[in-house]
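**Q** this one's sequence-less:
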């Protein structure tokens, strides 16, 4: 349910420092747009929390498997912000605060309808970031499982940057996406396509493998993925090869603590790598994150 399409826990954005930049110019009414956007976000956040409070008791009292509402609230600190293998801050040592608020309406027809708000905020040298000091992502998606075997989802993501640079848009990207996974007892293969339709005009495609190891209240989920990208002015190329280990302790239902350790290798031209350093160290993007949350 987290902003990461399973794992945009940060392995999966269209905007990358040194790789892909925003297109277009600052809107003449950017100040008004930003004000309206902040108001909309505040209303959305309050609505999500109010709905969660109102329906949580009803969901908790429902028979197992028949809960009406699923939710997740999470906040954590990461060593830096890496998205689809690409560092998003000016310095890879800049720490990031990251939070998720999500609601899922279960039994919405044959599937589940979800809305998600995710935020990343630079904790160090925010003034030096290339328009990415604050990022807010809004996602709406619908999930459906075919024949009780193939888990699919489709939806829309808006990437918003309140502190965008003068030549950039507040709404840095708009994506339509679709994913599919085949959960099983051995390993779960998955694929995803994220098409950017307004700014970058292209797509990011990913394929991955994962497995969940459960030991009482602990879960360990290793994940490996490969991402390809092709955008206007940037031909198809290997974007990243990424691996992550997620360790979670569900210490008091529905509360949990989560530790993520990840590494990404950045593909593509050396000129597109942050710092234009094509060496192994220049193409490497490791990060770690500790988060606390509640989810049902």
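**A** Sure thing, it's come through. None of the values given here were measured: they were computed from a predicted structure.
**Q** three-state assignment of the closest residue to residue 259 other than its chain neighbours?
**A** In space, residue 259 comes closest to residue 247 once its chain neighbours are excluded; the distance is 4.7 Å by C-beta to C-beta, 6 or more residues apart in numbering. In short, each C-beta sits where N, CA and C put it, glycine included. Reducing the assignment to helix, strand or coil with DSSP: H, G, I helix; E, B strand; the rest coil, the entry for residue 247 is strand.
**Q** show me what the helix or strand hosting residue 225 is packed up against.
**A** Following DSSP states H and E, the helix or strand that holds residue 225 is strand 218-231. With contacts defined as 3 or more C-beta pairs under 8 Å, 6 or more residues apart in numbering; DSSP states H and E, the packing partners of strand 218-231 are strand 202-210, strand 213-215, strand 234-252.
**Q** how are the helices of the stretch 51-200 of the chain distributed by residue range?
**A** Assigned helices in the stretch 51-200 of the chain: none (criterion: DSSP state H, counting those that start in this stretch).
**Q** all strands for it, in order.
**A** 69-78, 82-83, 86-87, 96-108, 111-122, 134-146, 150-160, 171-181, 188-196 (DSSP state E, counting those that start in this stretch).
**Q** the third one - what's its average pLDDT?
**A** Averaging pLDDT along strand 86-87 gives 94.
**Q** ok now it, how far from the chain's centre?
**A** 13 Å (C-alpha atoms, centre = their mean, to the nearest Å).
**Q** adjacent strands (with direction) for that strand?
**A** Based on DSSP bridges, the pairing partners of strand 86-87 within the sheet are strand 82-83 (antiparallel).
**Q** what mean pLDDT would you report for the partner strand?
**A** Model confidence over strand 82-83 averages 96 on the pLDDT scale.
**Q** remind me which residues of the protein are low pLDDT?
**A** Flagging of the chain using pLDDT under 70 yields the residue ranges 1-66.
**Q** run the last query once more with 90
**A** Scanning the chain for pLDDT under 90 picks out 1-68, 125-128, 130, 165-168, 197, 233-234, 269-277.
**Q** can you report how many residues lie near residue 167?
**A** Burial of residue 167, expressed as a neighbour count using other C-beta atoms under 10 Å, amounts to 12.
**Q** check the gap between it and residue 131 for me.
**A** 9 Å (C-beta to C-beta, to the nearest Å).
**Q** on that earlier part again, check which residues of the strand holding residue 225 are buried.
**A** Residues 219, 221, 223, 225-229, 231 are the ones in strand 218-231 that count as buried (16 or more other C-beta atoms under 10 Å).
**Q** try stretch 247-258
**A** Along stretch 247-258, these residues count as buried under the neighbour rule (16+ other C-beta under 10 Å): 248, 250, 256, 258.
**Q** before we move on, what about stretch 100-112?
**A** Residues of stretch 100-112 classed as buried: 100-106, 111-112 (neighbour count, 16+ other C-beta under 10 Å).
**Q** can you tell me the closest non-neighbouring residue to residue 107?
**A** If the residues on either side of it in the chain are set aside, residue 107 comes closest to residue 68, at 7.0 Å by C-beta to C-beta, 6+ apart.
**Q** give me phi/psi at that neighbour?
**A** Note on residue 68: its backbone torsions stand at phi -80, psi -30 [degrees, to the nearest 10].
**Q** wait, isn't it in contact with residue 106?
**A** Yes: counting by C-beta atoms under 8 Å, a contact exists between residue 68 and residue 106, whose distance comes to 6.1 Å.
**Q** count the residues that sit near the closest residue to residue 90 other than its chain neighbours.
**A** Beyond its immediate neighbours in the sequence, the residue positioned closest to residue 90 (C-beta to C-beta, 6+ apart) is residue 128, lying 5.1 Å away. With neighbours defined by other C-beta under 10 Å, the count for residue 128 comes to 12.
**Q** so residue 128 sits against residue 93, correct?
**A** No: taking contacts as C-beta under 8 Å, residue 128 lies outside contact range of residue 93: 11.9 Å.
**Q** adding distance to residue 289, write the strands of the stretch 51-200 of the chain out as JSON lines.
**A** Listed next are the strands of the stretch 51-200 of the chain as JSON lines, based on distance: least, C-beta to C-beta, whole Å:
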{"stretch": "strand 69-78", "distance to residue 289": "4"}
{"stretch": "strand 82-83", "distance to residue 289": "10"}
{"stretch": "strand 86-87", "distance to residue 289": "14"}
{"stretch": "strand 96-108", "distance to residue 289": "7"}
{"stretch": "strand 111-122", "distance to residue 289": "11"}
{"stretch": "strand 134-146", "distance to residue 289": "15"}
{"stretch": "strand 150-160", "distance to residue 289": "19"}
{"stretch": "strand 171-181", "distance to residue 289": "22"}
{"stretch": "strand 188-196", "distance to residue 289": "21"}
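**Q** sounds good, over and out.
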